[in-house]
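Chemist: fold the following, please.
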Amino acid sequence: MQAPVMPKPRLDYLNMRPPANYVAGLGRGATGFTTRSDIGPARAAPDLPDRSATTIGGAAAASAGAGRGRGGKGGGAEEEEEEEAEKGYDENQKFDEFEGNDVGLFASGEYDEDDKEADAVWESIDKRMDSRRKDRREARLKKEIEKYRASNPKITEQFADLKRKLVTLSSTEWESIPEIGDYSLRNKKKRFESFIPMPDTLLERAKQEREHVTALDPRSRAAGVETPYGQTPVTDLTAVGEGRGTVLSLKLDRLSDSVSGLTVVDPKGYLTDLKSMKITSDAEISDIKKARLLLKSVIQTNPKHAPGWIAAARLEEVAGKIQAARNFIQQGCEECPMNEDVWLEASRLATPDSAKAVLAQGVKAIPNSVKLWMQASKLESDDISKSRVLRKALEHIPDSVRLWKAVVELANEDDARILLSRAVECCPLHVELWLALARLETYENARRVLNKAREMLPTDPTIWITAAKLEEANGNAVVGRIIDRAIKVLQKDGVVIDREAWMKEAEAAERAGSVATCQAIINTTIGIGVEEEDRKRTWVADADECKKRGSIETARAIYAHALTVFPGKKSVWLRAAQLEKSHGTKESLDSMLKKAVGYCPQAEVLWLMGAKEKWLAGDVPSARAILKEAYDAIPNSEEIWLAAFKLEFENHEPERARMLLAKAREMGGTERVWMKSAIVEREMGNESKERELLEEGLQRFPEFHKLWLMLGQLEDRAGHPAVARDVYERALRACPHSTPLWLSAAALEEKMGGLSKARAVLTKARLKNPQNPELWLAAIRAEARAGNKKEAEALMAKALQDCPSSGRLWAEDIDMAPRPQRKSKSVDALKRCDHDPFVIAAVAKLFWQDRKVDKARNWLNRAVTLAPDVGDFWAQLYKFELQHGSEELQQEILQRCTSAEPHHGERWTQMTKAVENAHLSTEAILKKLVVALSKEEAMLERAAP
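Modeler: Residues are numbered from 1 along each chain as shown. You can find the predicted model right below:
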């Protein structure tokens, strides 16, 4: 018999070490993965007992090792411990990425103060090294982020420019944008639609529901449902149902503003709310009922509360129950007889006939109520009855100023004088009554009235000012003494003198025609409360403000007082002279200037102003005399020499002008003297003498570009272009930053037929003078004249990049653009330089071409207002008015241009610098320039295809 086979012992796989390179689940095709439990916690794990001691299979291991003594371990465990001791670490322990397997060496070590200090030192070193690399690292990171954002922009950044343009969209354009439909895939799926036929009974019922019933059932009429007499029968029951729904919704809306079922009522504003109510629906009727209940509670709990009765009456008035309103207000009058508002409301609600009776009862109950008496007078139809009522009121209220004013307004002059005499006795402290009485009295009586008023009201300055006006009206020269005494008395009585208030009184006196009173007030009060060092600045500012408000006499008085305090201040004299020039007479200006040069003999501008005024008035000998006196006072003044030269030159006295300039050159005149001397010789046609003076002047003043310019133009006129080119070359070496010299040199080269040389000159000029719009403009026009349109446009683009805020370049760009593009060009120009006169004039020309006359006129006026010294704008405006304006507007433009005296402008200077136009007036030059512009436009129109 075969011995039984012993079963093999089961292996404890859970506690066995896995084979090398074992991956769980790999045999059945599963891939391995790592979990947090495989990695282990962040800190070192504590020593745990062997897993075999706590497992079920641990009993078998213990039984297998029995016989070796209690507590003894198996042989396998002893061998593992010996191997671990030899290796120095446990292979089953988790691997630490930072410390490697060495963590086992320090797992049992203690963390003491030395370790803490060492860690702190290393941490500080790490921070130091990190801070040294921080800027470099952040810069690199920033560059990488910018590079990434540049290569991968957000959608919001891609459409940022388009979103900015949404600001210009109008509301209509925004609403006209079509709505995008739903293009999702779920809506593109074909859905199965099933149709089920409906029964005929359902269709018939729907038809009956939508049908409008226009008549009632006859059986209901037989039952007694008849329309009452005089009312419109209901013909559409569906509309009735809809109306009920609307009324219900209004009720719900009203109740939404309620608290615990009661409508919220403002206790302060319910009177106004009730007065403005209008019944339009059942909801408002409901509100009226609630308000009626509320007000009923008010007048029952407090019947002496007058506003409650008034509110109840107005509520009934709003509800359309006038009689109920009258009953309520009558009860209010009985309950509150001493409240004037109740009586006024009762008179308002009463009929016109009974209103007088109501007010009669009211004034009996409250005889001192001014409102009731005034309302009673308003109910009367004629002035006699009104005056009778007011006089009756004055018997009860003699101290009411309002009643006295009302009764005086209704009386004639004699009765008003008597009434005012009584009024000032009853109301002695009211200044208006005293002043009104003084105006009605004669001179002597008015003085007595004002003296009494001054005794009753010693602190009122108006009485003193009225007394001064009275004396001025009667021709007495005591106005100044009255104002001086007024200030002293008021200050003695403790009245604070308000300088600004007194200046307003001075302006009021000026408007009333009392100029002497105005001057006296200014002389007495202008210095009160002003520091000594601030007087001049403050007084000049006050005069300027008065001029702005149109108070010329007040400003004149301020300047007169300032000149008495500062007689040697040239600026004050000059401002006073300007005031007289603009608002005074020639005699007053002449007198002012004579005084000015007497106090300020060294002020050249005052002498020159006096001489110019005499010259403009046609008195040339007087102008010469003034300049002679000025030369005696200031013997070495070049301005006076040049003014004398201009006086003689403009009056066609070239020989006297030449003598004056010769003396000025002998005395060592400046470059302006030499320039004026050459101008005189050019006027007389003496080219050799002109050339001699220019060369001599250039030897003295080689950096004065105008002498070089005149010499070059002289050689050009004489027909010596090569000599002129040499002059310009020498001039540009001496004055490389003079724009007129570069422009003249380029124009000479272009005239001699060398566009390439002119282009080179202008290029060199732009290099020497960057960001110069005039040089860019000359280059653009040179290319345009040569027919190089593309080159001109390219230069214009470069010019606008170099000088983006140049109005002249933008204006030229608008003129160069084709007709359809000019509007967009003008919009861009206005965005860049909104207040530039050249751009505004260019836009005005566009309006002019489009026949928008009013807009063109407004824009041209705006241009001449911004730059009144540019004659080209005046020429455009005058040309426009010649075509579209009246003779009055044309004359107005001529006068405005003459007053502005323009000296600049491209075409204007060409016209004024011409020898034949040397002595023409501003008006003549303007007309001549307009003719020249018209001829040029006609030539361009003929040349256009």
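Chemist: for the rest of this, base every contact and every neighbour count on C-alpha atoms.
Modeler: OK.
Chemist: where does the stretch 101-250 of the chain dip in pLDDT?
Modeler: Filtered on pLDDT under 70, the stretch 101-250 of the chain yields the residue ranges 101-109, 180-196, 198, 207-250.
Chemist: show me where the stretch 701-850 of the chain has helices.
Modeler: 705-717, 721-734, 739-751, 755-768, 773-785, 789-802, 807-816, 822-832, 837-849 (DSSP state H, counting those that start in this stretch).
Chemist: which parts of the last one are buried?
Modeler: Using 16 or more other C-alpha atoms under 10 Å as the burial criterion, the residues of helix 837-849 that qualify are 837, 838, 839, 840, 841, 842, 843, 844, 845, 846, 847, 848.
Chemist: quick one: contacts for the second one?
Modeler: The neighbourhood of residue 838, defined by C-alpha atoms under 8 Å, 6 or more residues apart in numbering, consists of 807, 808, 811, 863.
Chemist: ok, it to residue 664 distance?
Modeler: Separation of residue 838 from residue 664 (C-alpha to C-alpha, to the nearest Å) stands at 40 Å.
Chemist: what's the following helix or strand after the strand or helix carrying residue 445?
Modeler: Assigned by DSSP states H and E, residue 445 belongs to helix 443-456. For helix 443-456, the following helix or strand on the C-terminal side (DSSP H and E) is helix 461-473.
Chemist: please name every helix or strand in contact with that following helix.
Modeler: For helix 461-473, the packing partners by 3 or more C-alpha pairs under 8 Å, 6 or more residues apart in numbering; DSSP states H and E come out as helix 431-440, helix 443-456, helix 479-492, helix 515-525.
Chemist: so what's the residue count around residue 144?
Modeler: Using other C-alpha atoms under 10 Å, the number of residues around residue 144 comes to 12.
Chemist: quick check: which element contains it?
Modeler: Per DSSP H and E: helix 113-151 holds residue 144.
Chemist: and that helix, which residues are buried?
Modeler: Neighbour-count burial for helix 113-151 flags no residue at all (criterion: 16+ other C-alpha under 10 Å).
Chemist: so which of the helices and strands packed on helix 461-473 gets nearest residue 169?
Modeler: When the helices and strands packed on helix 461-473 are compared by C-alpha to C-alpha, helix 515-525 sits nearest residue 169, at 57.5 Å.
Chemist: what's the following helix or strand after that closest one?
Modeler: Assignment by DSSP H and E places the next element after helix 515-525 at helix 535-548.
Chemist: which secondary structure elements does that following helix contact?
Modeler: helix 552-565.
Chemist: what's the spacing between the following helix or strand past the helix it packs on and its chain's center?
Modeler: The helix or strand immediately downstream of helix 552-565 is helix 570-583, counting by DSSP H and E. Computed by C-alpha atoms, centre = their mean, to the nearest Å, the chain-centroid distance of helix 570-583 equals 34 Å.
Chemist: chain neighbours aside, what residue packs nearest to residue 473?
Modeler: Ranked by C-alpha to C-alpha, 6 or more residues apart in numbering and with sequence neighbours excluded, the top spatial neighbour of residue 473 is residue 514, at 7.6 Å.
Chemist: just the C-alphas of stretch 301-319, formatted as PDB.
Modeler: Only the C-alpha atoms of stretch 301-319 are listed here, as PDB (Å, rounded to 0.1, in the frame of the first residue of the first chain):
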ATOM      1  CA  THR A 301     -58.100 112.500  15.500                       C
ATOM      2  CA  ASN A 302     -56.800 116.100  15.200                       C
ATOM      3  CA  PRO A 303     -59.600 118.400  13.900                       C
ATOM      4  CA  LYS A 304     -57.400 121.500  14.600                       C
ATOM      5  CA  HIS A 305     -54.900 120.400  12.000                       C
ATOM      6  CA  ALA A 306     -55.400 122.700   9.100                       C
ATOM      7  CA  PRO A 307     -53.300 120.800   6.500                       C
ATOM      8  CA  GLY A 308     -55.500 117.800   7.000                       C
ATOM      9  CA  TRP A 309     -58.700 119.700   6.000                       C
ATOM     10  CA  ILE A 310     -56.900 121.200   3.000                       C
ATOM     11  CA  ALA A 311     -55.700 117.800   1.900                       C
ATOM     12  CA  ALA A 312     -59.200 116.300   2.300                       C
ATOM     13  CA  ALA A 313     -60.700 119.100   0.200                       C
ATOM     14  CA  ARG A 314     -58.100 118.700  -2.500                       C
ATOM     15  CA  LEU A 315     -58.600 115.000  -2.600                       C
ATOM     16  CA  GLU A 316     -62.300 115.500  -3.200                       C
ATOM     17  CA  GLU A 317     -61.400 118.100  -5.900                       C
ATOM     18  CA  VAL A 318     -59.200 115.600  -7.600                       C
ATOM     19  CA  ALA A 319     -62.000 113.000  -7.400                       C
END
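Chemist: and that stretch, what's buried?
Modeler: Buried-residue list, stretch 301-319, by 16+ other C-alpha under 10 Å: 303-319.
Chemist: from those residues, which land in helices?
Modeler: Among the buried residues of stretch 301-319, DSSP state H puts 306-318 in helices.
Chemist: is it possible to export the residues you listed to a markdown table including pLDDT and distance to residue 567?
Modeler: Compiled in a markdown table, those are given as follows (pLDDT from 0 to 100; distance: C-alpha to C-alpha, whole Å):
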| residue | pLDDT | distance to residue 567 |
| --- | --- | --- |
| 306 | 86 | 71 |
| 307 | 88 | 69 |
| 308 | 86 | 73 |
| 309 | 88 | 74 |
| 310 | 88 | 71 |
| 311 | 88 | 72 |
| 312 | 87 | 76 |
| 313 | 87 | 75 |
| 314 | 88 | 73 |
| 315 | 86 | 75 |
| 316 | 85 | 78 |
| 317 | 86 | 75 |
| 318 | 84 | 75 |
